[in-house]
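>>> Sequence first, predicted coordinates after that:
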Amino acid sequence: MLGKERVARNFPGRRDRLHLADPGRVSPPRQSSPLSTLAEYWAADPAAAGGVVSLSPQADLRPIFLAAVEAAFDRSPQVQFAYASYQAQLADVDEVKGRRWPQLQFASRSKAVEFAGPASNAPGRGTAITVNLTTSLFDWGYLSKTIESRKETADAGKEFYDAQRENSAYTVATTIVELAKQRQLIRISQQFVDRMQQLVTMLSQIVEIDRGRASELTQARARLLQAQASRDTVAAKARDTELTLRKLVGDLPLQLPSASAWNIEPAGLERLLSSMNRHPQILQARAEAQAARLLADAVRASARPAVNWVVSKTTGRDSADRRQPFQTMLTLNWNAFQGGSARAAQQAALARAQASERKVEQARLDLEYAIRAADEDARTLLERSTLYGDLVDETDRVRKAFFDQWYHLGKRTLLDVLQAENDHYGNRVSEITTRFDGYEAVFRELSSAGELMSWLKGMV
C-alpha cells in the first residue's frame, strides 16, 4: 500500500514567493490513455518541453539584477556600516577645517574668596567674563596637512563603501543565478519523474496481460523512486536558496526568465586586468597609505613652534576699579619636550603608510589571480556546457533507439532503457549546472575587477 502511494504521488506545489517564472513542462497523458499513446509520449524528447533558448539583447537581465542589488543595499548591515563610517570621516574633515577660522572663546570667573591671611578690600576681584579670539598665523603646515590627511581617510572610507557594495552585489547576483539553476534542475527532474511514472503506467498495463514481466515493473518503480528522491533533493536546495535571496532582498518581486540560457558572456581578460587598479580595495589601501604619510607630516609640524594672534577682552576691573581695555598680542606655543611622543607618533604613521603600501601589492596580486582564475573558469564552464548540449543530443538518440529496440523489437532489456534514460537525464543536469556555474564565474571576474556594478548599470 505504501509503495503504491509513493509511486502515485505528484510533485507537491509550492508558493513562488519571489515570483520566479514557472519553468513549465509538457503534461503527460493520463494513465488511462491507450498503451500506444503512452509509448508515443515516452519516445518524445523531454528537452523539447523547455529547450535551450538564448535571450535576445532586448531581454536583458541587467535591470533585473540591478533592482535586486539595490534592494539589498538598503538591507545590508555591511553596506550601511560602511556608509555611516564614510559620513563620519567627512565630518572629521569639516572638524579640522573649522580650526582655520578664528576661534572665539568665553571664560568666566566668580568673585574670589580670600582666607588664611589678611583680607584685601581692593576692587577688581568680583565676577568677570573674558573673551579671547585666537587666530592661527603660522603652524608649519600642521592644519593643512591634517586636513589633507583627513580627506584621504575619507576617500579611503568612500572606497571601502564601494567595495562593500561590490561584495553585496556579487552575493545577490550569484544567489539569483543559483536559484535560477535550481529551478531549471527542478524542471528537468520533474520531466524525468514524469517519464518514469509513464513507464510504470505502461508496464502496469503490460503486466496485466503478461504476468511474466512483473520484474520489469519492479525495476521501473525503483527507478521512479530514485527520480523522485533526486527531484526532492533539488527542490530542497532551491528552497534554501530562495530563503537566502529573500534574506538579502526582502519582499522585492523578481521575475526571472524561464530560459535555460542567458545572454551572459565572459568579459575581456585584458580589459579586466587593466581596470584592476581601479578596484575599490586597491584605491582604499592607496588612500590609507597617503593619509598615513600626511599624518606623519602633520605630527612633525605639531612639534615645531606655532604663532597665534590673540585678541582679548575682560569685563573685570583692575585694582584701581578701572575697566580693562581690549588687548591684542602674538603668542608663541612650542612643545619643546614631550618625552619623544611626537617622534614615536610620526614613526607610527610612517609604519602604517608602509603597511598600506604592502596591502596594495598584496591586493593587486590577489585580484589578478582571482580575475585570471574566474575568467578561465567562465570560459571553460561555458564551453563545457556546449559540449554537454551536444552530448544531450546524442544520448537522446541513444535512449530513443534503446526504447524502440526494447518495446518494438525486444532486443534490449529494460535495464538498458533505464540506463540510457538515466544517462540522458544526467547529461541534461550537467549541461544546466555547468552553464549557470559559468555565469557565476563571469560575475566573479567582474567583481574581482571592481566592475560588477558598472556592468549591472550597462556602463561596460
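Yep, it's here.

>>> Could you list the paired strands of the strand ranked longest in the chain along with their orientation?
With secondary structure taken from DSSP state E, the chain has its longest strand at strand 128-138. Strand 128-138 has the following sheet partners, assigned by DSSP bridges: strand 103-109 (antiparallel), strand 306-314 (antiparallel).

>>> Give the rounded mean pLDDT of the last one.
Pointing back at strand 306-314 there. Mean per-residue pLDDT for strand 306-314: 89.

>>> Stretch 261-281 too?
Stretch 261-281 shows an average pLDDT of 91 in the prediction.

>>> Contacts made by the longest strand of the chain with the rest, please.
99-100, 102-109, 143, 306-317, 330-331 (Cβ atoms under 8 Å, 6 or more residues apart in numbering). Using the backbone N, CA and C atoms, a C-beta is placed for each residue, glycine as well.

>>> Likewise for stretch 88-100?
136, 143, 146, 147, 150, 151, 153, 154, 156, 157.

>>> do that again at 10 Å, thanks
Contacts of stretch 88-100 with the rest of the structure, by Cβ atoms under 10 Å, 6 or more residues apart in numbering, involve 135-136, 139, 142-158, 160-161, 291, 298.

>>> in it, what's buried?
Neighbour-count burial for stretch 88-100 flags 89, 90, 92, 93, 96 (criterion: 16 or more other Cβ atoms under 10 Å).

>>> Between these, which sits nearest residue 179?
Minimum distance to residue 179 across the buried residues of stretch 88-100 is 36.7 Å, recorded for residue 89 (Cβ to Cβ).

>>> Confirm that the closest one sits in a helix.
Yes: checked against DSSP: H, G, I helix; E, B strand; the rest coil, residue 89 lies within a helix.

>>> which other helices and strands contact the helix or strand containing residue 343?
For residue 343, the enclosing helix or strand under DSSP states H and E is helix 341-404. Under the contact criterion of 3 or more Cβ pairs under 10 Å, 6 or more residues apart in numbering; DSSP states H and E, helix 341-404 touches helix 35-42, helix 47-50, helix 142-209, helix 269-275, helix 280-302, helix 414-448.

>>> Would you reformat those as CSV and include distance to residue 367 and mean neighbour count?
Formatted as CSV, the helices and strands packed on helix 341-404 follow (distance: least, Cβ to Cβ, whole Å; neighbours: other Cβ atoms under 10 Å):
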stretch, distance to residue 367, mean neighbour count
helix 35-42, 52, 15
helix 47-50, 38, 16
helix 142-209, 11, 21
helix 269-275, 9, 15
helix 280-302, 7, 22
helix 414-448, 5, 22
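
>>> Let me know which of these is the nearest to residue 216.
It's helix 414-448; of these, that one is closest to residue 216 (Cβ to Cβ) at 4.5 Å.

>>> Show me which positions of the following helix or strand past the closest one end up buried.
Sequence-wise, the next helix or strand downstream of helix 414-448 (DSSP H and E) is helix 452-456. For helix 452-456, the buried set under the neighbour-count rule, 16+ other Cβ under 10 Å, comprises 452, 453, 455, 456.

>>> one step back: where's the helix holding residue 343 relative to the chain centroid, distance-wise?
Helix 341-404 has its C-alpha centroid displaced from the chain centroid by 15 Å (Cα atoms, centre = their mean, to the nearest Å).

>>> try stretch 326-338
Relative to the chain's own centre, stretch 326-338 is displaced by 54 Å; criterion: Cα atoms, centre = their mean.

>>> can I have it written out in PDB, keeping just the CAs?
What follows is stretch 326-338, C-alpha atoms only, in PDB (Å, rounded to 0.1, in the frame of the first residue of the first chain):
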ATOM      1  CA  PHE A 326      41.000  95.400  24.600                       C
ATOM      2  CA  GLN A 327      44.300  93.600  24.200                       C
ATOM      3  CA  THR A 328      45.900  92.100  21.200                       C
ATOM      4  CA  MET A 329      49.100  90.100  21.100                       C
ATOM      5  CA  LEU A 330      51.100  87.500  19.300                       C
ATOM      6  CA  THR A 331      51.700  84.200  21.200                       C
ATOM      7  CA  LEU A 332      54.300  81.500  20.500                       C
ATOM      8  CA  ASN A 333      53.500  78.000  21.500                       C
ATOM      9  CA  TRP A 334      56.200  75.300  21.400                       C
ATOM     10  CA  ASN A 335      56.100  71.800  22.800                       C
ATOM     11  CA  ALA A 336      59.900  71.800  23.300                       C
ATOM     12  CA  PHE A 337      60.000  68.400  25.100                       C
ATOM     13  CA  GLN A 338      57.300  65.700  25.100                       C
END
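
>>> That one - what's its average pLDDT?
85.

>>> does residue 458 really touch residue 61, like I thought?
No: shown here, residue 458 and residue 61 do not form a contact pair, counting by Cβ atoms under 10 Å, at 11.1 Å.

>>> Near residue 369, how many other residues are there?
Residue neighbour count, defined by other Cβ atoms under 10 Å, stands at 11 for residue 369.

>>> List the contacts of it.
residue 448.

>>> ok so, going back, pick out the most distant pair among the buried residues of helix 452-456.
453 and 455 (7.3 Å).

>>> For residue 329, what is the enclosing helix or strand?
Here residue 329 sits within strand 327-333, counting by DSSP H and E.

>>> That strand pairs with which strands?
Using DSSP bridges, the strands paired with strand 327-333 are strand 306-314 (antiparallel).

>>> and the strand it pairs with, which residues are buried?
For strand 306-314, using 16+ other Cβ under 10 Å, the buried residues are 306, 308, 310, 312, 314.

>>> Skipping its backbone neighbours, what lies nearest the fourth one in space?
By the measure of Cβ to Cβ, 6 or more residues apart in numbering, the closest residue to residue 312 outside its immediate chain neighbours is residue 327, 4.5 Å from it.

>>> Quick check: that neighbour touching residue 310?
Yes: using Cβ under 10 Å, residue 327 is in contact with residue 310, at 7.9 Å.

>>> And the spatially most central residue of the chain, how close does it get to residue 258?
By Cα atoms, centre = their mean, the mean C-alpha position of the chain lies nearest to residue 168, the distance being 2.4 Å. Distance of residue 168 to residue 258, computed by Cβ to Cβ, to the nearest Å: 27 Å.
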